[in-house]
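Trainee: Got a predicted structure here, sequence first:
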Amino acid sequence: MALYTRVSGSVGVITLQNPPVNALSAAVRQGIVDMMDRALSEPEVKSVVICGQNGKFCGGADIKEFGTNMSGPALIPLIDRIESAAKPVVAAIEGIALGGGLELALGCHYRIAHSKAKLGLPEVSLGLLPGAGGTQRLPRLISIPAALELITTGRHVTAAEALQLGIVDKVTDRNTLDEAVKFALSVAGKSLDLHRISTNPCPHPPDVDAVFETAMQRVRQRARGALAPVACVQAVRAAATLPYAHGMERERELFKGLFTSGQARALQYYFFAQRAVGRWSTPGGARWDTSKPRPVRRAAVIGLGTMGRGITVALAQAGLSVVAVETNEKQLTEAKQGVSDMLERGARRRGVPPALDKVIYSHKIQAVADVDLVIEAVFEDMELKKAIFQQLSALCKPGTFLCTNTSGLDIDELAAQTQNPELVVGMHFFAPAHVMKLLEVVYGQKSSPQAVATAMQIGSKIGKVSVAVGNCRGFVGNRILKPYLEQAFFLLEEGATPELVDKVLEEFGFAMGVFRMSDLSGLDVGWRVRKAIGLVAPEALTGPYARVREGHRYSPLGDLLCEQVRFGQKTGRGWYQYDKPGGRVAKPDPWLHRFLEEYRAQHGLVARRIDHQEVLDRCLYALINEGFRILEDGIAAGPEDIDVIYVLGYGWPQHRGGPMFYAGMVGLNKVLERLEHYHQVHPDVPNLQPCSLLRKLVASGSPPINKWREVIKKPHSQL
Ligand SMILES: CCCCCCCC/C=C\C/C=C/C(=O)SCCNC(=O)CCNC(=O)[C@H](O)C(C)(C)COP(=O)(O)OP(=O)(O)OC[C@H]1O[C@@H](n2cnc3c(N)ncnc32)[C@H](O)[C@@H]1OP(=O)(O)O
């Protein structure tokens, strides 16, 4: 709703009231219409100010209303009415003016922003375009190139940048409403002709066609199949080429196309999923709202390899004091330089002083004695980690949380090395750890709710989206990755090439196909894990058992490449070839193709033509099937957890919502039917056997994703 007050005798103030972000719900829109009517009809009122309660102007359209039967006044005529008002209307922008919120402000005749406010048109990240006149008014106000950049990226700008661009008329450090009221008094009675943005012409750069062509190329390259960025360019082009009214028609038409597309649904689901993962729970009943985190003032990082350095930077940049420990003197010297360089680069980018003084270096593990939380980030080796946990348990002050950055080792086994296993949790960072947004917080059998809550809180303090998951091999992300990789290997055995598989996955929208990704992250990483669990044969096997482990189909292709020291980009050879070790441009490698032919011949495999659909079906449905198993096992509390992990950590295209959402979009019965088909063809691949939760969901009528939790039977845990 909206509140109306009269200030200084002649200024009508309309305050949007819809916590937490004053989104433009039906009630708020109705409130604005009613209060505008009142302000315009009161003869004493000479000007109007629109502001939002609790220091937030407006977070845009109410996303929760999308997909419902939307009622109440429409936003476009509401904004038009403000713009055509005979009395000046001033937007007093505090906190945020985003999406429909900024479009509302663009309908006002003047905009005053607080210096800390953020403004933007982020609709593109929800699969939409600014559909309440934003694509037509913003280019008229700030030029086509500037508007194109803001609308196609959805970037938020600071008040200072908004002033520079011409989005706002004034920035203040004082009370924004008071300043807006003063301003409103000063412009009362003056002509509004130049301040009705829609009536102004759209200024053209001389090379307007080239500007749009470049913008279109840029968005197509970045979009990976996303529709909204392309529609944003088309809508701004309409502002440049059509009269305002026709431009609005085009905006509406494009908006409608996006609104009813599956992509907008997926991106809006993903928006709420990212927030839902913060409301974590465990099978044992620990919950985000009943578990109090303990404050962490000083943290330690053990091991300053690539991951340890990134974690140190992430912690220091968030203002935490860090004791960075590396027992190898040479490595320590290199790490000091590496961490300082990263901190300086990050600070330059953000325009703040580098947090160099936040980090104390030591080559002695005893330096951890006084910290509140330790993150161990040594090499992925269970014996080494066990020894460190024994030491930490003896050295740290009572109550210190002991966290391990492992990508899949058993948290309970590590916790068992300590006197207080309840203080142990996993913190699985993704490389580069100071950049990647994802953190898997892994609770063990004995992790206390407070330990989980503290790790989750540290995660959000350092800007990560943290997802609490249970302890199993590979946790959620790497566990799901395994059947996906496995299918990709099997497809190579059956006749595909890495180029074909990657092309299909990249066309689907993955940032990188599975083989290019494997080359980037290093083939040796998985090889070491497979060796440790006894999957790698000590010598090249031939005959029927070469491709079988524990009675199931196994592809040793990755192992064979590693034996040739083809570890991927780092060695200049992997599934592709690179111009040098460390090179980044993947080129098809004739050696690899010959190797695959010889391998097939050696194992009596006859290559067949594999179509795109089969590649996609087998890779994705094997992955999704494992996702259902994870839900069934209680390793993830809900499908949102899996989806957020997969989008943020594994390059799943956001506009497809995540693997579990995608399964719902495709139709659970179709996923089940395809898995049944492929399992029939490949009975020796257990990962293609549909899991019982999927069957159960289909048997219960394939409920929508937000009802899945009701079907999942929760197992017990001791947490
Ligand atoms: C069919 C054809 C019809 C044609 C007619 C065309 C009409 C066109 C109409 C409208 C076009 C306009 C579209 C839009 O405006 S889309 C929305 C654009 N706005 C955004 O994208 C902002 C989204 N929000 C954020 O980015 C952030 O939430 C934030 C920066 C505002 C605040 O961040 P933070 O402080 O970190 O808090 P949270 O993110 O945790 O959010 C708190 C809480 O608020 C909920 N929320 C946030 N924004 C919205 C919103 N716009 N609508 C509803 N709810 C919102 C958020 O979900 C959190 O709640 P929780 O999920 O319960 O935790």
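Mentor: Received the coordinates, thanks. Numbering: from 1, shown residues only.
Trainee: chain center to the helix or strand hosting residue 324: distance?
Mentor: Per DSSP states H and E: residue 324 is located in strand 321-325. Strand 321-325 has its C-alpha centroid displaced from the chain centroid by 28 Å (Cα atoms, centre = their mean, to the nearest Å).
Trainee: and the closest residue to residue 650 other than its chain neighbours, how far is that from the ligand?
Mentor: Distances taken as Cβ to Cβ, 6 or more residues apart in numbering place residue 477 nearest to residue 650, at 6.1 Å, with adjacent residues excluded. Using the backbone N, CA and C atoms, a C-beta is placed for each residue, glycine as well. To the ligand, residue 477 is 23 Å away according to Cβ to the nearest ligand atom, to the nearest Å.
Trainee: and residue 477, what pLDDT?
Mentor: Note on residue 477: pLDDT of 97.
Trainee: wait, isn't it in contact with residue 644?
Mentor: No: between residue 477 and residue 644 there is no contact under Cβ atoms under 8 Å: 10.2 Å.
Trainee: who touches both of those two?
Mentor: Common contact partners of residue 477 and residue 644 (Cβ atoms under 8 Å, 6 or more residues apart in numbering): residue 438.
Trainee: Give me the more crowded residue out of these two.
Mentor: The neighbour comparison of residue 477 against residue 644 (other Cβ atoms under 10 Å) goes to residue 644, with 25 against 21.
Trainee: what's in contact with stretch 64-76?
Mentor: 23-27, 29-30, 33, 61, 100, 103-104, 131-133, 248, 252, 259, 264-265, 268.
Trainee: got the residues of the stretch 201-350 of the chain near the ligand?
Mentor: With Cβ under 6 Å from any ligand atom as the criterion, the stretch 201-350 of the chain comes near the ligand at residues 252, 255-256, 259, 272, 275.
Trainee: Which pLDDT does the model give residue 718?
Mentor: At residue 718, the model reports a pLDDT of 43.
Trainee: After whatever helix or strand residue 617 lives in, which helix or strand is next?
Mentor: According to DSSP H and E, residue 617 maps onto helix 612-633. Once the chain leaves helix 612-633, the next helix or strand it forms, by DSSP H and E, is helix 639-650.
Trainee: and the residue of the chain found nearest the ligand, how far is that from residue 391?
Mentor: The chain approaches the ligand most closely through residue 99 (2.4 Å), counting by Cβ to the nearest ligand atom. For residue 99, the distance to residue 391 (Cβ to Cβ, to the nearest Å) stands at 52 Å.
Trainee: I'd like the domain boundaries of the chain, if you could list them.
Mentor: 2-259, 298-476, 496-602, 612-634+637-711 (automatic domain parsing).
Trainee: mind listing the helices in the stretch 1-150 of the chain by residue range?
Mentor: 26-41, 75-83, 100-107, 134-142, 144-153 (DSSP state H, counting those that start in this stretch).
Trainee: List the buried residues for the helix holding residue 617?
Mentor: Across helix 612-633, burial judged by 16 or more other Cβ atoms under 10 Å covers 614-615, 617-633.
Trainee: Same question for stretch 16-29.
Mentor: 16, 18, 21-25, 28-29.
Trainee: and the ligand, which of these reach it?
Mentor: 21, 23.
Trainee: which of the buried residues of stretch 16-29 sit farthest apart?
Mentor: Greatest spatial distance in the buried residues of stretch 16-29: 21 and 29, 14.9 Å, computed using Cβ to Cβ.
Trainee: All good on my end, thank you.
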